[in-house]
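[1] Turn this into a model:
(chains A, B, C and D)
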Number of protein chains: 2
Amino acid sequence: MSIYPVPLQNQLLAALPRDVQARLLPFLELTTLQAGQVLYEAGETRRHVYFPTDSILSLLNVIEDGSSAEISMVGNEGAAGITSFMGGESSPWQVVVQSSGHAYRLVGRRMKEEFDRHGEALVLMLRYAQARVAQMAQSAACYRHHSIDQQLCRWLLLSLDRLPSNHMNTTQEFISNMLGVRREGVTDAAGKLQKLGVIEYRRGNISVLDRPRLEKLSCECYAVVKKETDRLLVAPATRRFEMPVRHAHFNAQLVPA
Amino acid sequence: MSIYPVPLQNQLLAALPRDVQARLLPFLELTTLQAGQVLYEAGETRRHVYFPTDSILSLLNVIEDGSSAEISMVGNEGAAGITSFMGGESSPWQVVVQSSGHAYRLVGRRMKEEFDRHGEALVLMLRYAQARVAQMAQSAACYRHHSIDQQLCRWLLLSLDRLPSNHMNTTQEFISNMLGVRREGVTDAAGKLQKLGVIEYRRGNISVLDRPRLEKLSCECYAVVKKETDRLLVAPATRRFEMPVRHAHFNAQLVPA
DNA sequence: ATGACTAAGTGCGATAGCAAACAGCACGGC
DNA sequence: GCCGTGCTGTTTGCTATCGCACTTAGTCAT
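    Predicted coordinates for the structure are as follows:
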């Protein structure tokens, strides 16, 4: 759709009506994000909303002893920092970059002005917020009841949905932090998947070879969340609008996060 | 405050401005809830909002094999069924009555009308929604990293905060369903607490004898969620309004849920 | 080429929680 | 008083995961 290679569309921005887009686009900044980068610490005031295009963000709950657990994943289907305009100003979790790439950034205040017009933007963001909550709720049950093997599959599928290819740049160590388990546990699980020919990995490079098989091996949690997200966001968007990508690029400034 | 013994106030209703209360009160129905009763199944359309007074509700994620995990607890500080007016119409979790008592019930449409006025009700409900999300996010990390012993303490504290006394009517079996563990695990943990003199229980009746000790034995999750909830709801409510309880009673009809 | 570093594989004892079964005990209805 | 039902205590394996230590193997900079 765009002749520019780097920034893919963000679906949330794309789903906004044209007039809303017109108001927001002049203030969108294109930012480059590096994997591992921390966008927000837990409790820190969210000053910006990040709309990933080809990057992926993770929301992490970090507990006192330093261990963590991913509670939601945000790619080009969503946004991070929505408390900057939904009230609350901060959230008790950390936001880190899981996969390098780009995101459009918007000062929370601008989005709040739009939110306070009580139009499509409010409705859309509320629905997105609920999709994310569904993901958190499912994560909780998943952490309680499912095996590392199943959870690794779920995590790979979630990532895959947010990436342009079947390849990702991620170490087992990183995944272990996301799932809140030991690195060895991920090594085990990944080894099994590789023996089955479902994935192939090598020093921080994972390729998914057999996605249907991955879906079968995953716990239900992936499908449950996907179904709910589609119900909330995809189905209502038959009336979706196109985002004028070219203009975004003319207006966007490239800034570090 | 009220001369009526049964229905305590719901803090969310109480925090609404007088004019909002005036509009809503004629439509509030007082309902009686029995422990174990299922208010909503996962995915079922939420037709009403429930504002507990002296009852407690649990939001449960039920997975395919039938096991479950509590993702949030709702007492007189909050409400269940908020998707009935925040968009989405349903949520992928079950709502069950954890502790018998009463709740004010309101047809979702009425609340949506209020929500769509974009006044205090919207701001308040958004902040409440975030407090609940914080609880879910913390539950996820808790399920991953903390022991049954710690989680039992957390759960008892959450319940205690929503009850008028230090006594609760709950079997270990029920708690095991909430925490998503086997009953025997709860028996173990509860036995330890009883030996320490922190609680006393007997056939479905639990009394908390030493709350400070319970807080020390609990994982951090209780305190983290409490702090965030207070930040979002208690602190901003210096400007809180009183709810005219008498009128509520005059107007409320007693209906089964 | 060499050495430093990071990613991944492996082995092993410890343990938390699971699965299934059974025994005892209390309350409430008869 | 008797008995059924529901709640709790306990036992015996069993498994997944942990925690730690150590090895192997790519990758990169010099």
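
[2] Name the nearest residue to the spatially most central residue of chain A, ignoring sequence neighbours.
    Nearest to the geometric centre of chain A sits A:Val74, at 1.1 Å (C-alpha atoms, centre = their mean). Spatial nearest neighbour of A:Val74, excluding adjacent residues (C-beta to C-beta, 6 or more residues apart in numbering or on different chains): A:Leu57 at 4.3 Å. All C-beta spots, glycine's among them, are computed from the backbone N, C-alpha and C.

[3] Let me see the contact set for the one you found.
    A:Leu33, A:Leu39, A:Tyr50, A:Met73, A:Val74, A:Gly75, A:Ala80, A:Val95, A:Val96, A:Val97, A:Gln98, A:Ala103 (C-beta atoms under 8 Å, 6 or more residues apart in numbering or on different chains).

[4] Specify the local secondary structure of the second one.
    In three-state terms, and counting by DSSP: H, G, I helix; E, B strand; the rest coil, A:Leu39 is strand.

[5] how near is the residue nearest to it when sequence neighbours are not counted to A:His48?
    Using C-beta to C-beta, 6+ apart and skipping residues adjacent in sequence, the residue nearest A:Leu39 is A:Val95, 4.2 Å away. A:Val95 sits 11 Å away from A:His48, going by C-beta to C-beta, to the nearest Å.

[6] Overlap in contacts, the two.
    A:Gly81.

[7] quick one: contacts for A:Phe85?
    Neighbouring residues of A:Phe85 by C-beta under 8 Å, 6+ apart: A:Val49, A:Gly108, A:Arg109, A:Met111, A:Lys112, A:Glu114, A:Phe115, A:Met125.

[8] all helices in the stretch 151-257 of chain A, in order from the N-terminus.
    In the stretch 151-257 of chain A, the segments counted as helices under DSSP state H, counting those that start in this stretch are A:172-179, A:183-195, A:211-217, A:221-229, A:245-251.

[9] Contacts for the first one, please.
    With C-beta under 8 Å, 6+ apart as the test, helix A:172-179 has contacts from A:35-36, A:58, A:60, A:68-70, A:98, A:148, A:151-152, A:155, A:182-183, A:185-187, A:190, A:201.

[10] Which helix or strand contains the residue nearest to A:Val74?
    Per DSSP states H and E: A:Leu57 is located in strand A:56-62.

[11] what mean pLDDT would you report for that strand?
    The average pLDDT within strand A:56-62 is 95.

[12] so what strands line up beside that strand?
    Take DSSP bridges as the rule and strand A:56-62 pairs in its sheet with strand A:68-74 (antiparallel), strand A:94-99 (antiparallel).

[13] burial count for A:Gly101?
    A:Gly101: 25 surrounding residues under other C-beta atoms under 10 Å in any protein chain shown.

[14] Sorry, wrong one. I was asking about A:Glu200.
    A:Glu200 is flanked by 15 other residues according to other C-beta under 10 Å.

[15] Isn't it up against A:Gln194?
    Yes - using C-beta atoms under 8 Å, A:Glu200 is in contact with A:Gln194, at 6.3 Å.

[16] still on that earlier bit, how close does the residue nearest to the centre of chain A sit to B:Glu113?
    The gap separating A:Val74 from B:Glu113 is 32 Å, by C-beta to C-beta.

[17] Any of the contacts of helix A:172-179 buried? List them.
    By neighbour count, with 16 or more other C-beta atoms under 10 Å in any protein chain shown, the contacts of helix A:172-179 hold A:35, A:58, A:60, A:68-70, A:98, A:148, A:151-152, A:155, A:185-186, A:190, A:201 as buried.

[18] And these, which is closest to A:Arg213?
    Set against A:Arg213, the nearest of the buried ones among the contacts of helix A:172-179 by C-beta to C-beta is A:Leu152 (13.1 Å).

[19] Mind pulling up the pLDDT for that closest one?
    At A:Leu152, the model reports a pLDDT of 94.

[20] so where's chain A shaky on pLDDT?
    A:1-8, A:235-257 (pLDDT under 70).

[21] mind running it again at 50?
    Filtered on pLDDT under 50, chain A yields the residue ranges A:1-8, A:239-253.

[22] Enumerate the residues of it near DNA strand C.
    Counting by C-beta under 7 Å from any atom of the strand, chain A comes close to DNA strand C at A:171-173, A:183-184, A:187-188, A:190-191, A:194, A:201-204.

[23] just the buried members of those residues?
    Using 16+ other C-beta under 10 Å, the buried ones in the residues of chain A next to DNA strand C are A:Thr171, A:Gln172, A:Asp188, A:Ala190, A:Tyr201.
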